[in-house]
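In: Sequence isn't available, so here's the structure alone:
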């Protein structure tokens, strides 16, 4: 029961952190929405920082593990990078709130991101770096800065997931009978993104 309550607090806290960011999130409101008392939160977490670290770290670890397993399961740098991008998008879709939490952190330049979470982010960058170097050595990719490629992947995916309401409003105001509407879901978006990034960094395109 205690672990169930802890998971409930984490889920509710994730929603608050995604909406308001770290500074504007109130533990009183988290407790109220979770149906617990504020002391119940302190039973599981030392303070708001500890709660935030648990929310962020758990998701970042699962992301890194998911991407590592996916890339290790296939051969070829092009296939690895394509799967990395598609799996990153799928993870954001399955883990509601995560993209918005990351967006707050990026906007604040990681002001509240604990070192342990930074190390998990580094794991994902390490995967991309390994795949790109493999591709360069195989003559598949041109030499590229892995940080730039990582940003080419992460920024569009996070933007896609954090602008659903606005995109829906904009798309609803498109006038015309179009075969292809400007609103791909995250699966389609990830595939389009992967195709374009692979085309951009392909050696033969230079």
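Out: Cool, got the structure. Note that the structure is a prediction, hence the values are computed from the model and not measured. Numbers count the residues shown, from 1 in each chain.
In: For the rest of this, base every contact and every neighbour count on C-alpha atoms.
Out: OK.
In: what helix or strand is residue 189 on?
Out: Using DSSP states H and E, residue 189 falls within helix 186-201.
In: so how far is stretch 29-37 off the chain centroid?
Out: Averaging C-alpha positions (C-alpha atoms, centre = their mean, to the nearest Å) puts stretch 29-37 26 Å from its chain's average.
In: about what we covered before: buried set for the helix holding residue 189?
Out: Buried residues in helix 186-201, counted by 16 or more other C-alpha atoms under 10 Å: 186, 189-191, 193-194, 197-198, 201.
In: Equivalent analysis for stretch 173-181, please.
Out: Buried, per 16+ other C-alpha under 10 Å, within stretch 173-181: nothing.
In: mean confidence for it?
Out: Stretch 173-181 comes out with an average pLDDT of 83.
In: Could you list the residues in contact with the strand or helix carrying residue 117?
Out: Element membership for residue 117, per DSSP H and E: helix 115-137. Contact with helix 115-137 is made by 53, 56-57, 60-61, 63-64, 67-68, 76-78, 80-81, 141-144, 146-147, 149-150, as judged by C-alpha atoms under 8 Å, 6 or more residues apart in numbering.
In: got CSV for the buried residues of helix 186-201, with pLDDT too?
Out: Converted to CSV, the buried residues of helix 186-201 look like this (pLDDT from 0 to 100):
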residue, pLDDT
186, 92
189, 94
190, 96
191, 96
193, 97
194, 97
197, 97
198, 97
201, 96
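In: for the protein, where's the lowest mean pLDDT among helices and strands?
Out: helix 164-172 (a mean of 89; mean pLDDT, DSSP states H and E).
In: At which residues are the helices of the protein located?
Out: Taking DSSP state H, the helices of the chain run over residues 2-24, 27-34, 38-44, 48-72, 77-94, 98-107, 115-137, 146-162, 164-172, 186-201.
In: low-scoring stretches of the chain, by residue?
Out: 1-3, 204-206 (pLDDT under 70).
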